[in-house]
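>>> Would you be able to build a 3D model of this:
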Amino acid sequence: MNPTWLDFLAIPLGRLLKLIYDFLYGLHIPGSYGIAIILLTLIVRGLLLPLYIKQIQSTSKMAEVAPRIQEIQQKYKNDQKKMQEEMLKLYQETGYNPAGGCWPLLVQIPILFALYYVFQNPLVYVLGKSHQYVKDLVQGKAGYAITQTIINEAQKLGLDMHFFGINLAQKELIVLPILSAATMFLSVFYSTNSQKRFNPQYAQSQSNAMAEGINRTMMIFSPLMSYFIALQVPSGLVVYWTVVNLFTILQQFIANEVVYKKLKHKKEEEERRKQLEKAKDNQKKDELESKEENQEERSVEATGKEDENEEEKMRKKELERLKQQMTRSQSSSKKKKR
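I've put the predicted structure just below:
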């Protein structure tokens, strides 16, 4: 058995598993190895929780920018360079990272493969034996006989890998594969429905027939894939994967109650703020229009008064002219009488 490039992960994970197992076994707890796997899973998932929260935030941000992305793609569909420039501007403006939601998955993949080596070869990764020790032990053997030899040697060295009657270093073909598939289905189903419930923008962006078809396919394909993989790997890895599915459901519940509700509350606050700003703008606009109307009225009144003053002046002038005419007329009559 040769070292693998994942030994840098498999060795510390195996040592941590052994540490937890020794503690539980020292307390004479039945199924200590299986319980140690469950606790190791919870520790690993707990360490990955911050990445999961970032993934949720990235998904929510993606739902917000999706309509603008589609608008840019439609507007610049014939100009790829301009499209890329506008998309980059949008990402910088909104702080959205398209790769932000991929990190949890990318981190999980090497951990999953590392745990596969841990459960398949407990002599090296749990009990600390060298690869040369195992290579000498299984020399001349092939296929499943190698795994069986490793398991028997690990049990001789005091590692009890039984959990409720199942040897977690071997394959289990009934209970654990079905349990793995069932928890995978529940995880995908709960996650999809949570997105639709707590993230309306995401739901709207996924409302087309193609996206709905993808969701339905995932609900069927993911459990089936989980089931067939579980038939091929050591049962310890299946226990890990089943606990991961259950923990994912718990994470989604926490996301619903904490992250999504917080984001929803934040969006509602932003909507209220926008409505208040709009109301203030409308009020200012109404006040400005009212002032303009008052100014117009005052202007009209002033104009009317000026017109009245002009008419009054005209009347006074006319009266003065008439008086002068009458005075001249009277003077002329007196002269004629003389």
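>>> Break the protein into its domains for me.
Here the domain assignment for the chain is 1-169, 171-287, based on automatic domain parsing.
>>> If I average pLDDT within each of these, which one is lowest?
Of all the domains of the chain, mean pLDDT reaches its minimum on domain 171-287 (a mean of 79).
>>> what ranges do the strands span in the stretch 51-200 of the chain?
In the stretch 51-200 of the chain, the segments counted as strands under DSSP state E, counting those that start in this stretch are 162-163, 166-167.
>>> Would you mind saying which of these lies nearest residue 220?
strand 166-167 (27.1 Å; CB to CB). Placement of C-beta: from N, CA and C, glycine included.
>>> Return the residues in contact with residue 118.
Residue 118 makes contacts with 10, 13, 14, 17, 125, 126, 236, as judged by CB atoms under 8 Å, 6 or more residues apart in numbering.
>>> The third one against residue 126, yeah?
Yes - counting by CB atoms under 8 Å, residue 14 touches residue 126, with 4.6 Å between them.
>>> Of these two, give the one with the bigger neighbour count.
residue 126 (28 against 25; other CB atoms under 10 Å).
>>> From residue 32, how far off is that one?
Between residue 126 and residue 32 the computed distance is 12 Å (CB to CB, to the nearest Å).
>>> Ok, residue 150 next?
Counting by CB to CB, the gap from residue 150 to residue 32 is 19 Å.
>>> Next: residue 287.
Taking CB to CB, one finds residue 287 at 76 Å from residue 32.
>>> the more surrounded of these two?
For residue 287 and residue 32, the more surrounded residue by other CB under 10 Å is residue 32, and the numbers stand at 22 against 10.
>>> So for that one, what's the nearest residue that isn't a sequence neighbour?
Spatial nearest neighbour of residue 32, chain neighbours left out: residue 24 (3.9 Å); criterion: CB to CB, 6 or more residues apart in numbering.
>>> wait, what's in contact with that neighbour?
By CB under 8 Å, 6+ apart, the neighbours of residue 24 are 32, 35, 36.
>>> Surely the first one and residue 17 touch.
So that's residue 32. No - using CB under 8 Å, residue 32 makes no contact with residue 17, being 10.7 Å away.
>>> Next, format the strands of the stretch 51-200 of the chain as TSV and append distance to residue 176.
TSV is the format used below for the strands of the stretch 51-200 of the chain (distance: least, CB to CB, whole Å):
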stretch	distance to residue 176
strand 162-163	10
strand 166-167	7
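>>> Can you check which residues contact both of residue 126 and residue 32?
Shared contacts of residue 126 and residue 32, defined by CB under 8 Å, 6+ apart, are found at residue 21.
>>> In terms of helices and strands, where is residue 9?
helix 7-26 (DSSP states H and E).
>>> Residue 293: neighbouring residues, count only.
10.
>>> which ones are touching it?
Residues counted as contacts of residue 293 (CB under 8 Å, 6+ apart): none.
>>> Could I get the phi/psi values of it?
Backbone torsions of residue 293, given as degrees, to the nearest 10, read phi -60, psi -40.
>>> For stretch 107-123, buried residues please.
Within stretch 107-123, the residues that qualify as buried are 108, 111-123, counting by 16 or more other CB atoms under 10 Å.
>>> can you redo those residues as CSV with distance to residue 257?
Converted to CSV, the buried residues of stretch 107-123 look like this (distance: CB to CB, whole Å):
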residue, distance to residue 257
108, 23
111, 26
112, 28
113, 33
114, 32
115, 29
116, 33
117, 36
118, 33
119, 33
120, 38
121, 40
122, 38
123, 43
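>>> Determine which two of these are furthest apart.
108 and 123 (25.4 Å).
>>> the helices in the stretch 51-200 of the chain, which residues?
80-94, 103-120, 122-125, 131-137, 144-156, 175-198, 200-205 (DSSP state H, counting those that start in this stretch).
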